[in-house]
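Engineer: okay, structure incoming, though there's no sequence with it:
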């Protein structure tokens with residue numbers, strides 16, 4: 001069965017992308033996760049989460065000096 005995000009979650013991700021034009025996001029139907037990443041090929045900023053609120057926040061934690069790693073929620 002395909003898992004779909006809620007309209008609210010999609011709106012939250014869309015609002016994030018409106019404010020961060022150099023980022024991309026997509027809903028991974030297979031795993032039921034939001035995936036966001038900076039569009040710069042040299043960037044390691046990436047996050048994935050089922051929670052649309054937490055996904056972009058986790059990516060930005062890397063900017064604030066937390067260790068570079070992939071975040072899973």
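Structural biologist: Alright, I've got the coordinates. Just so it is clear, the model here is predicted, and its values are computed rather than measured.
Engineer: for the rest of this, base every contact and every neighbour count on C-alpha atoms.
Structural biologist: Fine.
Engineer: what are the ranges of the strands in the protein?
Structural biologist: Under the criterion DSSP state E, the chain contains strands at 23-28, 33-38, 46-49.
Engineer: which one of those lies closest to residue 14?
Structural biologist: Among the strands of the chain, the nearest to residue 14 by CA to CA is strand 23-28 (8.6 Å).
Engineer: can you list contacts of the closest one?
Structural biologist: The list of residues contacting strand 23-28 from outside it, by CA atoms under 8 Å, 6 or more residues apart in numbering, reads 4, 5, 13, 17, 33, 34, 35, 36, 37, 38, 39.
Engineer: pick out whichever of these sits closest to residue 50.
Structural biologist: Using CA to CA, the contacts of strand 23-28 come closest to residue 50 at residue 33, 4.5 Å.
Engineer: please identify the deepest-packed of the strands of the chain.
Structural biologist: strand 46-49 (a mean of 24; mean count of other CA atoms under 10 Å).
Engineer: thank you, goodbye.
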